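Q: return a 3D structure for these sequence lines:
(chains A and B)
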Amino acid sequence: MDTLMLSRLQFASATFFHFLFVPLTLGLSMLIAIMETIYVRTGDEDYRNMAKFWGKIFLINFAIGVVTGITLEFQFGTNWSKYSEYVGDIFGSLLAIEATVSFFLESSFIAVWAFGWNRLSPKAHAITIWLVALGSSVSAIWILIANSFMQHPVGFAIRNGRAELTDFLAVIFQPFAWFTISHTLAAAYILGSFFVMGVSAWHLLRKQHVTFFSKSFRLAVTFGLIFAIVEIVQGHMNGAVVAKYQPAKLAAMESFWNTQTNAPQFLFVVPDPQNERNLIEFGEIPGGLSTLAFHDSKAEVKGLKSFPPSERPSVWMPFIGFRVMMGLGFFFLFLTSFAWASRKYITEKPLLLKVLVYSIPLPYLACEMGWMLTEVGRQPWVVYGMMKTEQAVSPIAASQVGISLAAFIAVYTFLGLVAFYLIARHARRGPELETAPGGATAAEVEYA
Amino acid sequence: MLETIWFALWGILWAAYFALDGFDFGIGTLMPFIAKDEAERRAIYKSMGPYWNGNEVWLITAGGVTFAAFPKTYAVMFSSLYSALLLILFALIVRGVAMEFRSNFESSGWKRFWDFGLWIGNFAPGLLFGVAFANLFRGILIDGQGVYQGSLFSLLNVYGLMGGILFVLIFLVHGSIWLTIKSGGDLRKRAGLVAARIWFVLAAMAVIFLAATWFSTKLYDNYLKTPGLAVIPLAAVAALFAIRFFIAKSEWLKAWFSSAIFIIAVTLFGVTGLYPNMLISSINPAFSLTAFNSASSTLTLKIMLGVALVFVPVVIAYQVWVYRFFAKESTPEVAAAGQGAVGAIKARTASGLKAG
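A: Numbers count the residues shown, from 1 in each chain, chains lettered A, B, ... in the order given. Next up, the predicted model:
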């Protein structure tokens, strides 16, 4: 393999792995902040213990999110130096702002939160987790603005052989970015809520810590339902934005070959990219795709064939990514609605509880599939319509990248297994309930 | 002008990063040689626990600012130093998870494994940053297209290795002083002793490195041209002696601040000597990247400056608050750390009850 392919594999592995931890950080920090706020408002000790129990999982997850994030920032320089040189004026500044404005905030206050249970008033302590949650979400916003520049570059001019910033506000406030931000944050909040629901369900099935986990469950299911609804509505709008700005991605994710007005939507499609057609098209809804993409059944939808082969993304990955993500999105709405309706007598619904336990991995899958669609669907461009991925790679030896890729796979696999084990172990053990308020649990003293 | 301001900020960010994460590097490097039992190892982890994460963000910011303000330098520097940088990043990953994972499982094998991770994860970056910066001072093999013509091993020249050793010694002094402040009992005494002794090795190495710098680099040119700049190396020398002075008086916090000032002055000495170069080509000086030929557009530099002027003071303010917050309340646990786990729990419970 050449440097380009190895670098793509390395960046893909590193981002996919990083994003196994990011959404839980985003979702869980918000839920823990809500739990602590309820504790401050009502004085109900259960909510304090909830924040502690979920907080322990949060800390393990957070640490891996942090350390795997740094490698990404540096990989733009190590592996994509031509890209960095070309768009650093805009893209680099967004990353630098992210670190200054938000990453410091979450990384500094996470320690105060973790070590500060007995040193701060409950109110002040709750504020620290809000700062962490705020820092995480704002951090995600800046990164997604940067990613959106790669998807739909705006606010620049080509000068001195590179893209230079001309309109900062256009870069920050472009609709593409805010659609991506709301989509990604809502997905992360859904993931956080499914995590809490699933672990709670596991304990409720075993009838242990019933009050504790019923309360956790009820909080999470409401949170999850809200964002599952948001995500469906928003996801549809997101599709429309892709249709407008990235027609080739839309064509690839729908495996749509010939440009036509009044484009139909098929319920079942099997693509055949080699022959530039679909093997099977079944269940035609006339004008369906035009309607979904442009809110007009007569609108013209561009087919893949209207793009030169050198400017088409591959079909299979965006196609599958889109279908799995969307299917799961509807499943989340269905499941959270059902669970929310039964939230008051959830302990009497063992089947539902079981489904919730096994649903924990599904939002993870949906998130990764969404990113696969977004990033593979952008190819062959690294910056859409402006710079191709093959032009972006560093002039370095393939052997170097081969070795580092192998190291990434080895280290990340190991980390992933250890993290999974630790989180699962802690989740199963359940809360260590305190007898006296203000007393220290063993776990807290152990934290080093 | 903007380019020069950003060049200065770039140097200050790296200096701040080394002054902060430097004590983590030093303590981690020292741990296998100083900790005698589990309670001491725990005290050592605790001396870094609340801080390493916030400290590491200064690296992310330094990297981010290189990218934002000097994209071409970022591109060529990071791709040229590929293997060294990735080694640093892997080491930092191991360091971070060691801090977090170690306490999550009761098994001596598990703990020993992460103790090794903590050691290598702090020793390797300290050494490699030294090697990397010494090579930046000296110049590396980049051609007219910004393509690196050397390998990881061409960085391991004598001057580069001396830089690595110097950094490790600096961090050892910095870390052992911090550990003296943050620990109690016998560990505190031994850490203080280490700081006092290694200081002499550091002083000797600093002299050797400065002499080697005369022969291996052009760093002194700027100082000869503008003698007023000599205030930076003089500050470094003064800070170095202040470290020893305060160690002798057992005024550890002052010794630590002297050490921090020393680190900042040493970094700025190198960076000021480089100016306006950021990445010197040892093949042909004409290929070198400077603050001027690699900078971002004026608009980007202005916006970034606005962001930095508003947010960096805010960041410093709350990080100072965090450090003071942990300094204030740490006393009972520090005292208990030498008494083992039960003592620590008792002390924590007592302080908790007091607070509650």
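Q: make it CA atoms for all contacts and neighbour counts henceforth
A: Fine.
Q: Three-state assignment for the closest residue to chain A within the stretch 101-250 of chain B, please.
A: At 5.8 Å from chain A, residue B:103 is the closest residue in the stretch 101-250 of chain B, using C-alpha to the nearest C-alpha. When states are read from DSSP: H, G, I helix; E, B strand; the rest coil, the local structure at residue B:103 comes out as helix.
Q: tell me which other helices or strands the host helix or strand of residue B:15 touches.
A: Residue B:15 belongs to helix B:2-34 when elements are defined using DSSP states H and E. On a contact count with 3 or more C-alpha pairs under 8 Å, 6 or more residues apart in numbering or on different chains; DSSP states H and E, helix B:2-34 meets helix B:38-48, helix B:52-69, helix B:108-138, helix B:158-182, helix B:185-216, helix B:252-274, helix B:298-329.
Q: does chain A have contacts with the third one?
A: No - using C-alpha under 8 Å from any C-alpha of the partner chain, helix B:108-138 stays clear of chain A, coming no nearer than 11.1 Å.
Q: then the last one?
A: Yes - when contact is scored as C-alpha under 8 Å from any C-alpha, part of helix B:298-329 falls within range of chain A: B:299-300, B:304, B:307-308, B:311-312, B:315, B:318-319, B:322, B:329.
Q: quick one: the strands in the stretch 301-448 of chain A?
A: Using DSSP state E, counting those that start in this stretch, the strands found in the stretch 301-448 of chain A span residues A:381-383, A:387-388.
Q: might you report the residue contacts of residue B:196?
A: If a contact means C-alpha atoms under 8 Å, 6 or more residues apart in numbering or on different chains, then residue B:196 has B:173, B:244, B:247-248 as its contacts.
Q: from chain A, how far out is residue B:15?
A: Look at residue B:15 and chain A: by C-alpha to the nearest C-alpha, to the nearest Å, they are 16 Å apart.
Q: any idea how far residue A:3 is from the closest residue to that residue other than its chain neighbours?
A: In space, and not counting its chain neighbours, residue B:15 is closest to residue B:264: 4.7 Å by C-alpha to C-alpha, 6 or more residues apart in numbering or on different chains. Note on residue B:264: its distance to residue A:3, by C-alpha to C-alpha, to the nearest Å, is 38 Å.
Q: cool, residue A:262 as well?
A: Residue A:262 sits 43 Å away from residue A:3, taking C-alpha to C-alpha as the criterion.
Q: right, and residue A:221 touches residue A:192 too?
A: No - using C-alpha atoms under 8 Å, residue A:221 and residue A:192 do not qualify as a contacting pair, with a distance of 10.2 Å.
Q: number of residues surrounding the residue of the stretch 151-300 of chain B found nearest chain A?
A: When distances are taken as C-alpha to the nearest C-alpha, the stretch 151-300 of chain B reaches nearest to chain A at residue B:296, 5.1 Å away. Here the number of neighbours of residue B:296 (other C-alpha atoms under 10 Å in any protein chain shown) works out to 30.
Q: quick one: secondary structure of it?
A: Going by three-state DSSP, the state assigned to residue B:296 is coil.
Q: so what's the backbone phi/psi at it?
A: Summarising the backbone geometry of residue B:296 under the convention degrees, to the nearest 10, its torsions are phi -80, psi 180.
Q: one step back: make CSV out of the helices and strands packed on helix B:2-34 and add mean pLDDT.
A: Formatted as CSV, the entries for those read as follows, by pLDDT from 0 to 100:
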stretch, mean pLDDT
helix B:38-48, 91
helix B:52-69, 91
helix B:108-138, 94
helix B:158-182, 95
helix B:185-216, 94
helix B:252-274, 95
helix B:298-329, 89
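Q: so which of these gets nearest residue A:35?
A: With distances scored as C-alpha to C-alpha, the stretch of these nearest to residue A:35 is helix B:298-329 (23.5 Å).
Q: buried residues, that closest one. List them.
A: Neighbour counts using 16 or more other C-alpha atoms under 10 Å in any protein chain shown place B:298, B:300-302, B:304-305, B:308, B:311, B:314-315, B:319, B:322, B:326 of helix B:298-329 among the buried residues.
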